[in-house]
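K.L.:
predicted model and sequence follow; I will ask about them next.
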Amino acid sequence: MEARVIDITEENMLKGCCEQDRNSQRQLYEKYFGTMSYVCMRYLKDRDQVYDLVQEGFIKIFQNIRKFEGKGSLEGWMRRIMINLCLDHLRKINRRLPDVPLEEVYDVEVPEDVVAEMEAEYILALLQDLGPMYRTVFNLCVIEGYAHKEVSKMLKIKESTSRAYLTAAKKQIRKMLSEWIEQRERRVKNG
């Protein structure tokens, strides 16, 4: 006889995970695997590393789930674990040097409606084309909403360095968007 899977509420799922119930753990994993993978993909290029970190993250989540105090959302708490794992991983591989000197990045105007036309996968690809520190600072500041003071502590860099990385990342993204616009206009023009 095959086991029947039933959908349980997040509260019951959380309670089951605290009791190390495998069904609850599997449901939590299945519910959040995609979201947590996407979080990690914003920080790392290599999909194998992403999936390894997501697996490691869920192990850490299951080991520490009793520490979740219900302040904020469970997803937010899990995101924080995944982000910290990504930052630890980036520190281990020691990719702190800028990939593009700051003076080589220039500012480009991009119409606001362009981003709305882009698919999420292309936007993720743009982020992954940034150097590791640019991508990390951009994600932490713009997407996760951390202040430069918090980012500087997390990455062990000066606040001014965090600001410089963010400025450079935004300029690089504008440049890539400008190139995308030019390609799109050429395709439209050529039919």
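P.N.:
Happy to help now that I have it. Numbering: from 1, shown residues only.
K.L.:
what sits against the closest residue to residue 147 other than its chain neighbours?
P.N.:
Closest residue to residue 147 apart from its sequence neighbours, by Cβ to Cβ, 6 or more residues apart in numbering: residue 141 at 7.8 Å. In short, each C-beta sits where N, CA and C put it, glycine included. Neighbouring residues of residue 141 by Cβ atoms under 8 Å, 6 or more residues apart in numbering: 147-148, 151, 162, 166.
K.L.:
could you do residue 42 as well?
P.N.:
Neighbours of residue 42 in contact, by Cβ under 8 Å, 6+ apart: 124, 127-128, 135, 139, 143.
K.L.:
next step: the contacts of residue 141 restricted to helices.
P.N.:
Judged by DSSP state H, the contacts of residue 141 include 148, 151, 162, 166 as members of helices.
K.L.:
pLDDT for those residues - can I get that in a markdown table?
P.N.:
What follows is the ones in helices among the contacts of residue 141, written out as a markdown table (pLDDT from 0 to 100):
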| residue | pLDDT |
| --- | --- |
| 148 | 94 |
| 151 | 93 |
| 162 | 92 |
| 166 | 92 |
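K.L.:
out of these, which comes closest to residue 58?
P.N.:
Among these, residue 151 lies closest to residue 58 (Cβ to Cβ), at 25.3 Å.
K.L.:
thought that closest one was touching residue 138?
P.N.:
No - counting by Cβ atoms under 8 Å, residue 151 does not reach residue 138; the two are 10.1 Å apart.
K.L.:
how close does residue 135 sit to residue 165?
P.N.:
Using Cβ to Cβ, to the nearest Å, one gets 9 Å for the distance from residue 135 to residue 165.
K.L.:
okay, buried residues for the helix or strand containing residue 81 please.
P.N.:
Element membership for residue 81, per DSSP states H and E: helix 74-92. For helix 74-92, a neighbour-count test (16 or more other Cβ atoms under 10 Å) marks 74, 77-79, 81-83, 85-87, 89-90 as buried.
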